[in-house]
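J.: structural data only, the sequence is not supplied:
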RNA sequence: GGGCUUGUAGCUUAGUUCGGUAGAGCGACGGACUCUUAAUCCGUAGGCCAAGGGUUCAAAUCCCUUCAGGCCCGCCA
């Protein structure tokens, strides 16, 4: 492929994306015997640590010498002295360099050949400048990596949303609050892992490439295994494999799973997203609501420092207990419709009056209930709220409700109108499961792109017996959105899926195809 | 899929309403400067104005198409 004439956001020339001036400087460094890319640098501490330890220092330099390393973010040259800002993962600190301290040769090398964006290692003594800026009085400096591409402009920085997503490394390098968002994301993931591990759940990895997909209603990605000459699907959920583990005797299992759904991309959907799914034997959906409530409120408290947080101008309260209501109650309370006590004619009339989308397909009271809920209620569930007892038609993997005919023991958690979690008393009657998956498969063959397949191996596993089990899946991207105050999922996914730039490759072709 | 909106130098952008050969700041390059922090001062280079087509004597500007982004709506977590 000829890369040099590719259009797109990354400027290309005969040097690739690199700046010719910087290449020349790198070569000059080498001819002067200075490595551009040395192997190590022994720093004594991080910027944040140094800042904390020398917070009280005055104008006279400390006797203690520090070695710090990081990227240069600004350089202010005053002739025989230079101020620069050095940033590492923990923060930034000002450097003070003088010709008379470094010596003519090193000083000239720094001024002539080191640019903003380069990584350097420095040694010197902390002090506070006249105007009160904690700084490092540097008397030794080495290049640790010569950057060949300029950083964005220093004052405005990088704001272009598209470029931020496409070149996230640049976004991270320039924007501390973006690093903070992803630091939070990491804390959430490890917090979930710790919480479940501490309670005896074992973490497993189940197949991402699946011959039969299932566990959710969604359109899958399809791929081909050449050696097996077999069509495989990228998982839409790990559910059916995790239940196999419960069949096999693991009583508490979880997986932090990347799932793939071949659907639209928007501010709350990315084709690959992260969920945690957890299953616990001898527990039902009530127990899983308890678990979800405790897990999320614990995470919010640990990561955020309190159980209340601001999101989109609203104050969300995560302290348990959370509101729990049946779907029927939710529709009655928020839409004023007592769905199941009204005749079908009245329901159809109400649906017409309120202009409910999809109303023409609803032929039973339960279908109207779901329509009313989705159209009139979901958006109004701002505070963390469990809605439970879903109609059986759209819950093929949930156990029938122990009392209510036509309903399942399923719940969903809503926060600020977003579905955050979904769980149920897991269906473990193998014949019922087979019937319900067959019904799904009929819908699929009739053209429902999101209906499920019959996974006969899963049915076989259930036939062997699965204890009563509760399960839940929690959308971690959305949880991170809540915790970081972002309303776009692209802000909490490091490398969100973007449309390809024209001419940036040959889509869908791997070597040898 | 529908609506609105954006794309100008490496970065941030002015200019688009009312067509007249693209202007700035930062950055780069050259020079001055020993406590600055968007350092300052002097000078230089850098743009087929997202791509393609059309209207016109003349298009960044008007029209059409395409590409990419953002926001809102519909559907999925």
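T.: Yes, it's here. Just so you know, these numbers come straight off a predicted model, no measurement behind them.
J.: after the helix or strand encompassing residue A:172, which helix or strand is next?
T.: Here residue A:172 sits within helix A:168-174, counting by DSSP states H and E. Later in the chain than helix A:168-174, the nearest helix or strand by DSSP H and E is helix A:176-198.
J.: by contact count, what packs against the helix holding residue A:172?
T.: Judged by 3 or more CB pairs under 8 Å, 6 or more residues apart in numbering; DSSP states H and E, helix A:168-174 is in contact with helix A:161-166, helix A:176-198. C-betas here are computed from N, CA, C, even on glycine.
J.: so for that helix, what gets flagged as buried?
T.: By neighbour count on 16 or more other CB atoms under 10 Å, the buried set for helix A:168-174 is A:168, A:170, A:171, A:172, A:173, A:174.
J.: wait, is residue A:141 part of a strand?
T.: Yes - assessed by DSSP: H, G, I helix; E, B strand; the rest coil, residue A:141 belongs to a strand.
J.: surely residue A:163 touches residue A:170?
T.: Yes - Residue A:163 lies in contact with residue A:170 (CB atoms under 8 Å); the separation is 7.1 Å.
J.: hang on, isn't residue A:254 packed against residue A:278?
T.: Yes - Residue A:254 lies in contact with residue A:278 (CB under 8 Å); the separation is 4.0 Å.
J.: need the residues touching each of the two.
T.: Common neighbours of residue A:254 and residue A:278 (criterion: CB atoms under 8 Å, 6 or more residues apart in numbering): A:196, A:201.
J.: for the helices and strands packed on helix A:168-174, which one sits closest to RNA strand B?
T.: helix A:161-166 (3.5 Å; CB to the nearest atom of the strand).
J.: start and end of stretch A:399-418, how far apart?
T.: Start-to-end span of stretch A:399-418 (CA to CA, to the nearest Å) is 24 Å.
J.: buried ones in that stretch?
T.: Neighbour count says stretch A:399-418 has A:399-401, A:407-416, A:418 buried, by 16+ other CB under 10 Å.
J.: what mean pLDDT does that stretch get?
T.: The average pLDDT for stretch A:399-418 rounds to 94.
J.: still on that earlier bit, and RNA strand B, which of the buried residues of stretch A:399-418 contact it?
T.: Restricting the buried residues of stretch A:399-418 to those adjacent to RNA strand B (criterion: CB under 7 Å from any atom of the strand) gives residue A:418.
J.: of the buried residues of stretch A:399-418, which belong to strands?
T.: When DSSP state E is applied, the buried residues of stretch A:399-418 are split such that A:407, A:408, A:409, A:410, A:411, A:412, A:413, A:414, A:415, A:418 fall in strands.
J.: correct me, but the second one touches residue A:395?
T.: Yes - taking contacts as CB under 8 Å, residue A:408 lies within contact range of residue A:395: 4.3 Å.
J.: okay, and the common contacts of those two?
T.: With CB under 8 Å, 6+ apart, residue A:408 and residue A:395 have common neighbours residue A:424.
J.: what helix or strand is residue A:437 located in?
T.: helix A:430-445.
J.: just residue A:274 next, same as before
T.: Using DSSP H and E, residue A:274 sits in strand A:272-281.
J.: tilt between that strand and helix A:176-198?
T.: 20 degrees (axes from the mean of the first three to the mean of the last three CA atoms, to 10 degrees).
J.: please name every helix or strand in contact with strand A:272-281.
T.: Using 3+ CB pairs under 8 Å, 6+ apart as the test, strand A:272-281 ends up in contact with helix A:176-198, helix A:239-247, strand A:252-260, helix A:285-304, strand A:469-475, helix A:476-484.
J.: paired strands for that strand, with orientation please.
T.: Here strand A:272-281 is paired, per DSSP bridges, with strand A:252-260 (antiparallel), strand A:469-475 (antiparallel).
J.: what sits up against it?
T.: In contact with strand A:272-281 (CB under 8 Å, 6+ apart) are residues A:189, A:192, A:196, A:201, A:237-239, A:242-243, A:245-246, A:251-261, A:287-288, A:291, A:426, A:467-477, A:489, A:493, A:497.
J.: so which of those would count as near RNA strand B as well?
T.: Near RNA strand B, by the rule CB under 7 Å from any atom of the strand, you find A:261, A:475, A:477, A:489 out of the contacts of strand A:272-281.
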